[in-house]
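# Based on what follows, work out the 3D shape:
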Amino acid sequence: MKTVKRTMAILLSALLLTGICTVSAAAVNEDVEGTLGIYSSMYQFVIDMMDEALKEEFPNLTPAYDGSFFFYGGTSSLITKIYGEMDTGVLGCDMLLVAEPAFSLELKDADYLEPVEIEDADELLRFPYDGEGYWYPVRVCNMILAYNPEMTDEWAAKGVTIPHSFKDFASDPALKGYISMGDPMTSGTTFAAVASLTQEDHYGEAFLDWLSANEVMIESGSTAITKLQTGECAAIMILEESILKALKEAEDAGNPLSNLACIYPEDGVVLIPSTVMTVAEEHSANVNTEACEAVEQWLLSEEAQKLIVQGYMHSVFAGSEEIPWNSIDTEELIRKDLGVNWENAYRHREEINTAWTEKVTTR
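Numbering: from 1, shown residues only. Modelled structure (predicted):
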């Protein structure tokens with residue numbers, strides 16, 4: 001009898017283990033097949049993490065771009081690329097992960113998007129989304145200022161006070177020739193910041209006049225950071241994630257930096273809840289809406305949001321207390337957010353870009 005009981009126990013354990021394995025296998029989206037391509041403005045190291053996770057989660061899904069699911073470009077550059085592809089009626093991708101929601105509004109109006117249902121989105125998300133499911137926020141970028149703490153006294157000796165607001169950054173004449181920022185013509189997050197700061201309820205086009213008078217340098221984040229550290233710049237306008245990444249990598253390498261720090265502007269930060277969109281089947285490269293829906297839902301999973309935070313961006317999840325390394329509470333940032341009128345940014349994209357070009361880049 002003991003032998004029979006022992007045998008039955010072994011069989012039962014085997015069945016339970018089999019069941020567990022079956023559930024585990026089913027949790028992976030093995031039934032999602034075909035080819036998938038995503039245009040994205042996320043930094044390459046985040047794309048690499050996402051690629052690895054997607055390949056594990058969707059083992060039978062084929063990446064569209066030389067082994068990667070992602071084609072990288074700055075949002076404004078990708079928008080230019082997409083405008084060209086719209087002339088043919090078919091985009092070179094199936095999904096979009098771009099920096100600013102204004103383009104989501106534009107593509108929805110153009111009937112280029114496919115709605116996706118995210119269950120309990122109201123409870124899940126702390127940032128706005130399209131009520132019909134055409135776009136959802138996935139990651140939150142944060143435009144701030146940065147400076148070199150080691151050189152504060154040296155700048156003071158030159159009559160330069162480190163700015164602690166976007167207004168002072170742009171308008172303080174003592175900073176003439178000593179400030180740097182990105183290019184809204186290639187960077188979607190910079191476009192969003194310019195769109196916000198030039199709104200009539202903020203500083204209007206005077207903000208561009210100030211930047212021009214102060215001879216702002218237009219350059220990449222990495223170049224701007226270097227100029228901060230060498231003393232060529234007193235302050236830069238940059239994404240928080242760029243500064244946090246540089247600080248963390250230096251610390252991990254055993255060489256912590258004391259010549260680089262974030263400034264969370266006193267007049268507010270500019271939060272950019274970057275969106276995910278699925279391209280309508282008739283306009284997509286690989287006609288794989290089913291896979292797009294599965295991936296979009298995965299991007300709003302706990303696993304994917306952890307990768308977003310690891311990428312030094314903020315989670316879109318309501319109630320999430322996880323923040324990027326060395327950042328500040330996301331809810332506090334939301335309270336400080338200047339906000340962007342995305343409808344205005346969409347409707348007046350050309351005018352904003354023209355004003356930037358005429359006032360700043362061709363001064």
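
# Output the below-cut-off pLDDT ranges for the stretch 1-150 of the chain.
Under the criterion pLDDT under 70, the flagged ranges of the stretch 1-150 of the chain are 1-27.

# just so I have it, where are all the helices in it?
Secondary structure of the stretch 1-150 of the chain by DSSP state H, counting those that start in this stretch: the helices cover 2-27, 44-57, 75-86, 102-109, 121-124.

# Neighbours of the closest residue to Leu244 other than its chain neighbours, how many?
Excluding the flanking residues, the one nearest Leu244 by Cβ to Cβ, 6 or more residues apart in numbering is Tyr312, at 4.3 Å. Using the backbone N, CA and C atoms, a C-beta is placed for each residue, glycine as well. With neighbours defined by other Cβ atoms under 10 Å, the count for Tyr312 comes to 27.

# Same check on the one 5 residues further on?
Taking other Cβ under 10 Å as the neighbour definition, Phe317 ends up with a count of 20.

# who are the neighbours in contact with Asp337?
Neighbour list for Asp337: 268-271 [criterion: Cβ atoms under 8 Å, 6 or more residues apart in numbering].

# isn't Leu145 right next to Ala261, touching?
No - proximity of Leu145 to Ala261 does not meet the contact threshold set by Cβ atoms under 8 Å, at 9.8 Å.

# More neighbours: which of the two?
Remark: of Leu145 and Ala261, Leu145 carries more neighbours, 26 against 17, as counted by other Cβ under 10 Å.

# Please name every helix or strand in contact with the helix or strand harbouring Val295.
Assigned by DSSP states H and E, Val295 falls within helix 289-299. If contacts are counted by 3 or more Cβ pairs under 8 Å, 6 or more residues apart in numbering; DSSP states H and E, helix 289-299 sits against strand 34-36, helix 44-57, strand 95-98, strand 270-279.

# Any buried residues in it, and which?
289, 291-299 (16 or more other Cβ atoms under 10 Å).

# what does stretch 322-337 give?
For stretch 322-337, burial by neighbour count (16+ other Cβ under 10 Å) applies to 323-324, 327-328, 330, 333, 336-337.

# residues in contact with Cys262?
144-146, 240, 243-244.

# part of a helix, is it?
No - assignment of Cys262 by DSSP: H, G, I helix; E, B strand; the rest coil gives strand, placing it outside any helix.

# Need the contact partners of the strand or helix carrying Thr189.
According to DSSP H and E, Thr189 maps onto helix 188-197. With contact meaning Cβ under 8 Å, 6+ apart, helix 188-197 is reached by 41, 74-76, 78-79, 98-100, 102-103, 141, 143, 166, 170, 181-185, 202-203, 207-208, 237, 239, 270, 272, 274, 338-341, 344-345, 349, 352-353, 356.

# Take the next helix or strand after it, keep the C-alpha atoms, and write them as CSV.
Next helix or strand after helix 188-197 toward the C-terminus (DSSP H and E): helix 206-213. In CSV, the C-alpha atoms belonging to helix 206-213 read as follows (Å, rounded to 0.1, in the frame of the first residue of the first chain):
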residue,chain,number,x,y,z
ALA,A,206,9.8,85.7,-27.0
PHE,A,207,11.4,82.5,-25.8
LEU,A,208,12.9,82.1,-29.3
ASP,A,209,14.0,85.7,-29.4
TRP,A,210,15.8,85.2,-26.0
LEU,A,211,17.6,82.1,-27.3
SER,A,212,18.7,83.9,-30.4
ALA,A,213,20.0,86.9,-28.5
